[in-house]
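[1] okay, sequence plus prediction incoming.
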Amino acid sequence: MTELLPQKQIDSFKARAAALAHPHELIVDLLRAIQSHYGWVPDAGVLLTAMTLGVLPVEVEELATFYDKIYRRAVGRRVIHVCDSICCWSLGAEMITEHLQKSLGIDFGMTTTDGAFTLLPSCCLGACGDAPAMMIGLTTYGKLTPQKIDEILLKERVAIAADA
Amino acid sequence: MNAYPQVLFKNRRPKETVLLPEYEKSGGYQGLRAALKMSPEEVSTQVKNSGLRGRGGAGFPTGVKWSFFSVDQPGDKYLVCNGDEMEPGTYKDRQLLLADPHQLVEGMAIAAYALQIPVGYIFLRYAYEDCSLQVERAIEAAIAAGYLGKNILGSGFDVELHVHRSAGRYILGEETSLLNGLEGRRPVPRSKPPFPAKHGLFGRPTNVNNVETLATVPHILVNGTAWFHGLALNPESAGTKLFGLSGHLNRTECFELPLGITLREVVEDFGGGVRGGHKFKACLPGGASTPYLTAEHLDVMMDFDPLEEVSSRLGTAGVTVFDEQTCMVAVTRNLNRFFARESCGWCTPCRDGLAMVSWLLDRIEFGQGSEDDLAMLKDQVRNIKGRSFCALAEGAMGPVEALLRLFEDEIKDHIRKGCCPFAGK
């Protein structure tokens, strides 16, 4: 199993926390670092964050469960956030969502059986001029059409295969 | 399309970000140089006299906000830039930061000097990783050039800026919630007073401004207050504003336009009119929390006070347009679901009230609504407005209240027919 975070990064967070009057301010950074490395934040990630920064586990957990972009459950290799807010909705987000669900064979909140994609709804992504939009990982894709989605998913599948 | 003066977007080119040398060539960091030759009070006074109002949604006069901050307080104090741009329909700050990010860095250096604050945080939302990278690059270049760091431009004043990447949630745009987020505390809003100017980040005096507001400041320092007033078409207002167009328009882009431009010019000229030859039915003039405008409002000036006179708000100037085939109950249902989902759950009117409004709008939209539901909807609006802990639920009631005021016939049509009259269109 992959480690939660390389020791070098843990040490670096420890050193930064020691130099701060308020180590809590690094909680979100460290949760994001764990998620970026491990894919999501398991209970052990919450504990690691607490121990590294010298804060209480509950103080970490109350943030981890508050932010919707911190995943407290296992997700696929790529998380797809499809926008369902007003501008995307007005330009066919429901159709885009249906196409994604059909192509991936999953509903919201689920992960494809090959572990490649998790599909989640999202509020506005700040890409309203390029609606309808979605975000995969940290990359935003706009002006979506079913055909464009097929191309993006194919490209992501190739990238996932190359990673493995 | 009229060609209006471009200030924040004067260097903007598609898919490119302006780097330091080009920014300097176009007059960049001259505002900071001018500010450092003045006393901090003189800088604040100039911003106050410019008439600049906050570009993040509330429209509070920036110079007045700065005047609440007492410059000579000892101990730690903080400057915070609110870049949690998450109100649906709003994407202007992203466009600004991707086009020309040094304007924010320079604006923060000037604000830091004016308020004598040596430490600033730039809070950016999760989805704006592209902006975070550009802002970090701009900060590094500004440090290397002596605009940030110790003894900036030989003035004896120090400024350091940090970027904070958030992890989602609309509530963090509320400034006290944002401060909790920066501190690494659960980001629910705080009780006000005390206001951040007295008791902000880590309990210390803090000044919070929006990205666009801070980026406007350097231009005021270089060109003066009379110039800034002259930019607006409304003689009682000042400056340009970034308008993000979206929805059923032919052109859904972000434009820098003078305050006081009519909604008609924004929609017809800059937006290229409604798509597919359809008619304009309604719009959100400034993001998801601003009450709808209809065709009768097309000649209203897009500006803070004129929009309040027609019971709406300029908000963030994210204009989302709906054509005549759009069901306004469905629009409101979508908007309210957003607010209900993004409620932090801290207070009951918001946590339970918005869920109740969502339930009622679902019933009406799907043809199960009755006159009793309509009465209950009105009752919910009355009881949520002014009773929530922060502005989230208040904002959520903007479109609901406008639906009841402008489109009650449409609601009643749903109830009478037992289905959505727009279904299948």
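    Done, it's in. Numbers count the residues shown, from 1 in each chain, chains lettered A, B, ... in the order given.

[2] off-centre distance for stretch B:315-327?
    16 Å (CA atoms, centre = their mean, to the nearest Å).

[3] any buried residues in that stretch, and which?
    B:315, B:316, B:317, B:318, B:319, B:320, B:321, B:322, B:323, B:326, B:327 (16 or more other CB atoms under 10 Å in any protein chain shown). C-beta here means a position set from N, CA and C on the backbone, and glycine is covered the same way.

[4] pLDDT weak spots in the chain?
    Because you didn't say which chain, this covers chain A. A:1 (pLDDT under 70).

[5] could you do chain B instead?
    B:425.

[6] show residues contacting the top helix by length along it.
    Longest helix of chain B, by residue count under DSSP state H: helix B:348-365. By CB atoms under 8 Å, 6 or more residues apart in numbering or on different chains, the list of residues contacting helix B:348-365 from outside reads B:327, B:329-330, B:332-333, B:336-337, B:339-340, B:343-345, B:369, B:373-374, B:376-377, B:380-381, B:383-384, B:387-390, B:392-393, B:396, B:400, B:411, B:414-415, B:420.

[7] report the buried members of those.
    Applying 16+ other CB under 10 Å to those, the neighbour count classes B:327, B:329-330, B:332-333, B:336-337, B:339-340, B:343-344, B:369, B:373-374, B:376-377, B:380-381, B:384, B:388-390, B:392-393, B:396, B:400, B:411, B:414-415, B:420 as buried.

[8] out of these, which touch chain A?
    residue B:344 (CB under 8 Å from any CB of the partner chain).

[9] looking at the buried ones among the contacts of helix B:348-365, which are in helices?
    Members of those lying in helices (criterion: DSSP H): B:329-330, B:332-333, B:336-337, B:339-340, B:373-374, B:376-377, B:380-381, B:384, B:392-393, B:396, B:400, B:411, B:414-415.

[10] coming back round to it: the buried residues of stretch B:315-327 into a markdown table, with extra columns for secondary structure?
    A markdown table is the format used below for these (DSSP: H, G, I helix; E, B strand; the rest coil):
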| residue | secondary structure |
| --- | --- |
| B:315 | coil |
| B:316 | coil |
| B:317 | coil |
| B:318 | strand |
| B:319 | strand |
| B:320 | strand |
| B:321 | strand |
| B:322 | strand |
| B:323 | strand |
| B:326 | coil |
| B:327 | coil |
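
[11] so which residue is smack in the middle of chain B?
    residue B:56 (2.9 Å; CA atoms, centre = their mean).

[12] residues in contact with it?
    Taking CB under 8 Å, 6+ apart, one finds B:82, B:173, B:209, B:210, B:211, B:212, B:213, B:316 in contact with residue B:56.

[13] among these, which are in strands?
    Among the contacts of residue B:56, the ones falling in strands (DSSP state E) are B:82, B:209, B:210.

[14] among those residues, which ones are buried?
    If we count by 16+ other CB under 10 Å, the ones in strands among the contacts of residue B:56 have these buried: B:82, B:209, B:210.

[15] from residue A:123, how far out is the residue nearest to the centre of chain B?
    18 Å (CB to CB, to the nearest Å).

[16] and if you look at residue B:97?
    20 Å.

[17] then residue B:261?
    Taking CB to CB, one finds residue B:261 at 29 Å from residue A:123.

[18] go on, residue A:9?
    Distance from residue A:9 to residue A:123, by CB to CB: 30 Å.

[19] give me the phi and psi for the residue lying closest to residue B:332 once chain neighbours are set aside.
    Leaving aside its sequence neighbours, residue B:332 sits nearest to residue B:403 (CB to CB, 6 or more residues apart in numbering or on different chains; 4.5 Å). Torsion angles at residue B:403 (phi, psi; degrees, to the nearest 10) stand at phi -60, psi -50.

[20] for residue B:212, which non-adjacent residue is spatially closest?
    residue B:55 (3.7 Å).

[21] and the residue of the stretch 251-400 of chain B found nearest chain A, what is it in contact with?
    For the stretch 251-400 of chain B, the nearest residue to chain A under the criterion CB to the nearest CB is residue B:252, separated by 4.6 Å. Residue B:252 is in contact with A:87, A:128, A:129, A:130, A:131, B:245, B:246, B:271, counting by CB under 8 Å, 6+ apart.

[22] what about the first one, is that helix, strand or coil?
    Going back to what we said before, that points to residue A:87. Classification of residue A:87 using three-state DSSP returns helix.

[23] in chain A, mark out all the strands, start to finish.
    Under DSSP E, chain A gives strands at A:78-83, A:117-122, A:134-136, A:139-141.

[24] quick check: longest strand of chain B.
    Max-length strand for chain B by DSSP E is strand B:240-247.

[25] distance from that one to the middle of the chain?
    With CA atoms, centre = their mean, you get 11 Å for strand B:240-247.

[26] which residues touch residue A:29?
    A:13, B:165.

[27] can you get me the start-to-end distance on stretch B:309-327?
    In stretch B:309-327, first residue to last residue: 26 Å (CA to CA, to the nearest Å).

[28] same check, this time on stretch B:13-30
    End to end - CA to CA - stretch B:13-30 spans 22 Å.

[29] residues of that stretch that come out buried?
    B:17, B:18, B:20, B:23, B:28, B:29, B:30.
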